[in-house]
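Participant: quick one, structure for this:
(one chain, ligands or ions: 2)
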Amino acid sequence: MLRSTGSQLFAFREVDLRVAAELLLKNILSESRHQLPLDLANRVIISEELGITEFFELLKLNIKGLVTKSGGVTSHVAIVARCNGIPYIIVPQLDINDITDNSQVIIDALNGLLILEPDESTLKLYGIKAENYWKTLEKIAKYAHEKAATLDGYNVKVLCNVGNLEDARIASTLGCDGIGLFRIEFLYMRDKPPTVSDLRNVFEKVASFFENKPVVVRAPDIGGDKSVSYISLKEDNPFMGLRGIRLLLEYKEDLFKPFLETFLEAFKNHNNLKLLLPMVSRVSEVLGTVELIEETAKKMNIDVSNLELGVMVEVPSTAILIDKFAETGKIRFVSYGTNDLTQYVLAVDRTNPKVGVIYDDLDPSVLRLLSFSMNKAAKSNLEIEVCGELASRQLAIPILLSLGVKGLSVNYSVVGVVKYTVRGVSLQEVKKQVLPRVLNSSNSREVREALKQYLSLKGLALLA
Ligand code: PEP
Ligand code: MG
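Facilitator: Numbering: from 1, shown residues only. Ligands and ions are numbered 1, 2, ... in the order given. Below you'll find the predicted structure:
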């Protein structure tokens with residue numbers, strides 16, 4: 001029934017139900033949950049569809065790559081895959097019947113290609129390509145521990161996006177300047193919310209991994225494609241519904257207050273912790289949150305005058321009115337969530353492969369809105385960061401810097417690539433030669449052309 005609604009979103013729920021049913025049956029039949037028919041280590045997983053929970057299971061089995069028929073490039077499966085260095089592509093025309101357990105495949109994730117049963121010469125060619133790719137990455141890895149400053153001395157922070165403590169621990173060894181986005185909601189995607197002691201443990205540990213470096217914790221961004229079983233929302237369009245800060249303010253007692261209490265308790269001992277609000281679309285949401293923070297802090301006798309509060313800019317209304325958010329005097333920084341901003345600007349569901357070709361965070365409309373909004377944010381003295389996937393995209397780096405971005409929060413696997421790119425560009429050149437051309441483009445192809453030309457002019461190899 002869910003599938004026949006024709007809605008991509010409900011189709012995903014169908015997958016969740018089916019997986020749950022299979023697990024239940026296996027348990028009834030006393031089969032171990034991990035008893036998969038094959039040893040999956042070093043194998044490419046090819047599947048019609050995959051939920052984030054299934055993917056977390058597969059990750060533990062050391063899979064080598066992932067191909068699905070449905071999904072979106074900024075779906076949470078894609079984000080987690082990228083973060084873990086797992087090549088992942090979506091092939092809408094995939095016919096799973098063409099493939100057997102022993103098929104040989106090549107995933108060219110840089111170009112979005114799946115090659116079935118490659119011949120000898122293709123295998124050889126890709127062998128060389130892969131070797132060159134890894135060698136270049138190895139060479140670039142050393143940049144991860146260098147400072148990120150452009151040729152003309154513009155400094156940026158390269159931060160990491162993480163979804164759990166293990167990611168954060170790894171990121172802390174890779175030379176990044178802190179955490180720019182901790183997707184804490186992944187902790188909530190179980191059968192019940194995390195306990196106070198679960199949260200306490202995470203905040204304490206992540207803050208101490210980074211000691212004097214910033215750690216931006218996002219208040220749980222539940223809703224959209226990150227639904228939780230213990231809140232039944234029954235919405236026709238969850239991406240436009242009760243999500244992020246809207247949901248937190250609605251479920252204040254059960255969710256937001258316990259989260260804030262634990263966060264503030266950790267902040268008392270670790271003032272490198274910063275708080276970021278997801279899916280903000282109105283100034284009143286910030287004011288409502290601040291009221292709650294102040295009330296909670298007072299009750300707990302904690303001084304929050306130094307707590308840095310930030311707003312995610314994921315909704316066009318927030319991008320447009322950013323100076324009005326600044327005028328409240330309550331926020332210090334903004335973090336542009338280009339994954340959602342793109343879906344809301346282009347009216348394209350980020351998880352729906354049917355409109356996947358329209359979804360493009362390098363679309364000039366997205367870049368013009370960023371330019372408009374960042375200009376206002378800078379004038380309002382807000383620190384500007386980007387934590388959407390755009391920041392992890394090598395091609396986008398010159399343009400983001402030229403718009404006034406001070407912090408790029410990226411997947412930890414690309415810290416080296418990002419720093420290497422920052423160090424190879426001249427901000428003045430980009431502002432004069434590239435930015436006007438990009439903002440005057442009619443489509444993302446023209447944007448890409450302008451950016452590719454500039455990167456190759458500077459001798460920067462294209463890597464992501
Ligand atoms: C974004 O929307 O760009 C973002 C970083 O948040 P998420 O991808 O978790 O929705
Ligand atoms: Mg988002």
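Participant: identify the bridge partners of residue 275.
Facilitator: In this structure, residue 275 bridges to residue 217, residue 309 when assessed by DSSP bridges.
Participant: correct me if wrong: it contacts residue 214.
Facilitator: No: at 11.2 Å, residue 275 does not count as touching residue 214 under the criterion of Cβ atoms under 8 Å. Quick note: C-beta positions are derived from backbone N, CA and C, even for glycine.
Participant: what touches both of those two?
Facilitator: Both residue 275 and residue 214 are in contact with residue 308, where contact means Cβ atoms under 8 Å, 6 or more residues apart in numbering.
Participant: which stretches in the stretch 301-450 of the chain count as helices?
Facilitator: Counting by DSSP state H, counting those that start in this stretch, the stretch 301-450 of the chain has helices at residues 316-320, 322-327, 338-346, 364-379, 397-402, 415-424, 427-429, 435-439, 444-457.
Participant: now the shortest one: average pLDDT?
Facilitator: Yep, that's helix 427-429 we're talking about. Averaged over helix 427-429, pLDDT sits at 98.
Participant: which outside residues touch it?
Facilitator: Residues outside helix 427-429 that contact it (Cβ under 8 Å, 6+ apart): 150-152, 154, 401-402, 454.
Participant: measure whatever residue of the stretch 1-150 of the chain ends up closest to ligand 2 to residue 398 for me?
Facilitator: Residue nearest to ligand 2 within the stretch 1-150 of the chain: residue 74 (8.6 Å; Cβ to the ion). For residue 74, the distance to residue 398 (Cβ to Cβ, to the nearest Å) stands at 21 Å.
Participant: have a look at these two and say which one is more surrounded.
Facilitator: Between residue 74 and residue 398, counting by other Cβ atoms under 10 Å, residue 398 is the more crowded of the two (29 against 23).
Participant: that one: what's it in contact with?
Facilitator: By Cβ under 8 Å, 6+ apart, residue 398 lies in contact with 421, 425, 430, 434, 451, 454-455.
Participant: how about these in CSV, adding neighbour count and distance to ligand 1?
Facilitator: Formatted as CSV, these follow (neighbours: other Cβ atoms under 10 Å; distance: Cβ to the nearest ligand atom, whole Å):
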residue, neighbour count, distance to ligand 1
421, 29, 20
425, 24, 23
430, 24, 23
434, 21, 23
451, 23, 20
454, 21, 24
455, 20, 23
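Participant: nearest to residue 377, of these?
Facilitator: residue 430 (18.8 Å; Cβ to Cβ).
Participant: how far away is residue 449 from residue 368?
Facilitator: Taken as Cβ to Cβ, the span from residue 449 to residue 368 is 17 Å.
Participant: the helices of the stretch 301-450 of the chain: which one's closest to residue 104?
Facilitator: Across those, residue 104 has its closest neighbour in helix 415-424 (28.7 Å, Cβ to Cβ).
Participant: could you pull up the mean pLDDT of the closest one?
Facilitator: 95.
Participant: buried set for that helix?
Facilitator: Across helix 415-424, burial judged by 16 or more other Cβ atoms under 10 Å covers 415-422, 424.
Participant: please apply the same query to stretch 397-410.
Facilitator: For stretch 397-410, a neighbour-count test (16+ other Cβ under 10 Å) marks 397-410 as buried.
Participant: so which residues of this structure form strands?
Facilitator: Secondary structure of the chain by DSSP state E: the strands cover 44-47, 65-68, 88-90, 105-108, 113-116, 157-162, 179-183, 215-218, 273-277, 309-313, 333-336, 383-386, 407-411.
Participant: put together TSV for those, with mean pLDDT and distance to residue 459 on each row.
Facilitator: Converted to TSV, these look like this (pLDDT from 0 to 100; distance: least, Cβ to Cβ, whole Å):
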stretch	mean pLDDT	distance to residue 459
strand 44-47	92	33
strand 65-68	94	30
strand 88-90	93	28
strand 105-108	93	24
strand 113-116	93	26
strand 157-162	97	21
strand 179-183	98	28
strand 215-218	98	33
strand 273-277	98	36
strand 309-313	98	33
strand 333-336	98	29
strand 383-386	98	25
strand 407-411	96	21
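Participant: tell me which parts of this protein are close to ligand 2?
Facilitator: Contact residues, the chain versus ligand 2 (Cβ under 5 Å from the ion): 314, 337, 340.
Participant: contact partners for the nearest residue to the second one once chain neighbours are set aside?
Facilitator: This points to residue 337. Among residues not flanking residue 337 along the chain, residue 314 sits closest, at 3.8 Å (Cβ to Cβ, 6 or more residues apart in numbering). Listed by Cβ under 8 Å, 6+ apart, the contact set of residue 314 reads 244, 278-280, 336-337, 339-341, 344.
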